[in-house]
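Chemist: 3D, please:
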Amino acid sequence: MKHVDVLIIGGGPIGIACGIEAKKAGLTYVIIEKGCLVNSLYHYPINMQFFSTSELLELDHIPFISAENKPRRKEALEYYRRVTQLHDLCIHLFEKVTAVDKQVEGHFHVQTTKAQYAASHVVVATGFYDFPNLLNIPGEDLPKVSHYYNDPHFYANMQVVVVGASNSSVDAALECYRKGAKVTMVVRDQAISSHVKYWVKPDIENRIAEGAIQVYYNSQLTAITASEVYIQSGKESYCISNDFVLALTGYRPDFNFLQQLGITIQDTVDQFPTYHPETMETNIPKLYLAGVVCGGLNTHTWFIENSRIHAKRIMQHITQTT
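Modeler: The predicted structure follows:
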């Protein structure tokens with residue numbers, strides 16, 4: 001069983017930042033990632049453009065050069081891969097953490113799909129992209145329904161329902177429309193979200209105004225069949241023909257995993273996990289949170305640019321208390 005000072009769960013940008021800071025602090029460490037490097041970013045839509053400018057996504061002051069002011073998915077994958085290689089980080093890919101136990105001697109025993117580790121400290125930087133918010137309606141398990149969106153070409157000439165009005169929903173609706181899909185949006189609120197990228201919001205609103213994209217506001221899907229969807233809009237019910245449903249209703253952290261670790265989840269609407277904001281230490285001593293996982297269900301709280309500091313806070317606390 002290999003022993004390290006710090007075991008980091010999650011190989012996204014913040015997990016990488018934690019690895020960099022651990023190495024700079026002279027700590028032994030390992031990053032465990034269940035998928036590929038920056039796995040969540042890899043599964044973003046192929047044409048996705050970040051809301052943030054490139055300098056806000058940088059790690060360790062390493063310049064992030066992009067063709068546009070706001071970089072795209074492909075450029076981010078290249079950047080974080082090069083940062084990982086530059087620092088020669090110890091990262092184990094396609095290895096999933098299955099259990100974390102605190103033993104009597106004070107070390108965490110971590111079981112993965114490939115090995116066992118002993119760690120003096122554990123950092124959870126798992127993000128939230130792997131667990132979609134479900135609609136919990138009949139037909140949601142049909143093959144035509146997806147909670148992720150990738151390439152608009154797949155939906156060319158098809159009748160597509162997009163659920164939601166956030167950035168991902170709006171991007172999917174516009175891109176599919178421009179590839180020839182007949183797009184209908186189902187939005188639970190009375191308007192497109194105010195969080196939508198400012199350079200995109202007028203575009204979707206204009207397409208809706210001209211009738212190019214149909215929208216049902218104050219509405220929700222109630223059922224999905226092989227060829228139709230059912231929509232409840234106020235007191236009115238509608239049934240429309242449909243080939244595919246993109247249920248882009250957002251994502252959530254793996255609360256079951258956090259609770260298995262012993263982390264307390266606050267009994268609030270946002271279900272914030274418990275941690276100290278100055279040290280990022282949870283209610284379990286020597287167990288830390290980093291990155292967007294700290295926001296619970298409020299996934300608009302933390303981003304790469306404002307959670308990079310978590311890595312420094314954690315490693316400073318570890319070096320000061322050991």
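Chemist: Next one: the most centrally placed residue in the chain, what pLDDT does it get?
Modeler: Centroid check for the chain by Cα atoms, centre = their mean gives Tyr129 as the closest residue, at 3.1 Å. If you check Tyr129, the pLDDT there is 86.
Chemist: And the pLDDT at the nearest residue to Tyr79 once chain neighbours are set aside?
Modeler: Distances taken as Cβ to Cβ, 6 or more residues apart in numbering place Phe64 nearest to Tyr79, at 5.0 Å, with adjacent residues excluded. In this view, the C-beta of every residue, glycine as well, is placed from N, C-alpha and C. pLDDT recorded at Phe64 is 97.
Chemist: what do you get for the one 5 residues further on?
Modeler: Reported pLDDT at Asn69 in the predicted model: 90.
Chemist: Where does the prediction get shaky in the stretch 101-250 of the chain?
Modeler: By pLDDT under 70, the weakly predicted segments of the stretch 101-250 of the chain are 104.
Chemist: So which residues of it form strands?
Modeler: 108-112, 116-124, 145-146, 159-163, 182-186, 214-216, 219-224, 228-233, 236-241, 244-247 (DSSP state E, counting those that start in this stretch).
Chemist: And the helices in the stretch 1-150 of the chain, which stretches?
Modeler: 13-24, 39-42, 73-86 (DSSP state H, counting those that start in this stretch).
Chemist: Mind telling me which of those the model trusts least?
Modeler: Across the helices of the stretch 1-150 of the chain, helix 39-42 gives the lowest mean pLDDT, at a mean of 94.
Chemist: buried set for it?
Modeler: Asn39, Ser40, Leu41 (16 or more other Cβ atoms under 10 Å).
Chemist: that older thread, could you give the number of residues near the residue nearest to Tyr79?
Modeler: Applying other Cβ atoms under 10 Å, we find 19 residues neighbouring Phe64.
Chemist: for it, what are its contacts?
Modeler: Ser54, Glu55, Leu57, Glu58, Pro71, Glu75, Tyr79 (Cβ atoms under 8 Å, 6 or more residues apart in numbering).
Chemist: same check, this time on Leu57
Modeler: Counted by Cβ under 8 Å, 6+ apart, Leu57 has contacts Pro13, Phe50, Phe64, Pro71, Ala76, Tyr79, Ile304, Glu305.
Chemist: Neighbour-wise, give me the winner out of these.
Modeler: Pro13 (28 neighbours).
Chemist: Next, the closest residue to that one other than its chain neighbours: phi, psi?
Modeler: Nearest non-adjacent residue to Pro13, counting by Cβ to Cβ, 6+ apart: Ile304, 5.0 Å away. Here is the backbone geometry of Ile304 (degrees, to the nearest 10): phi -60, psi -50.
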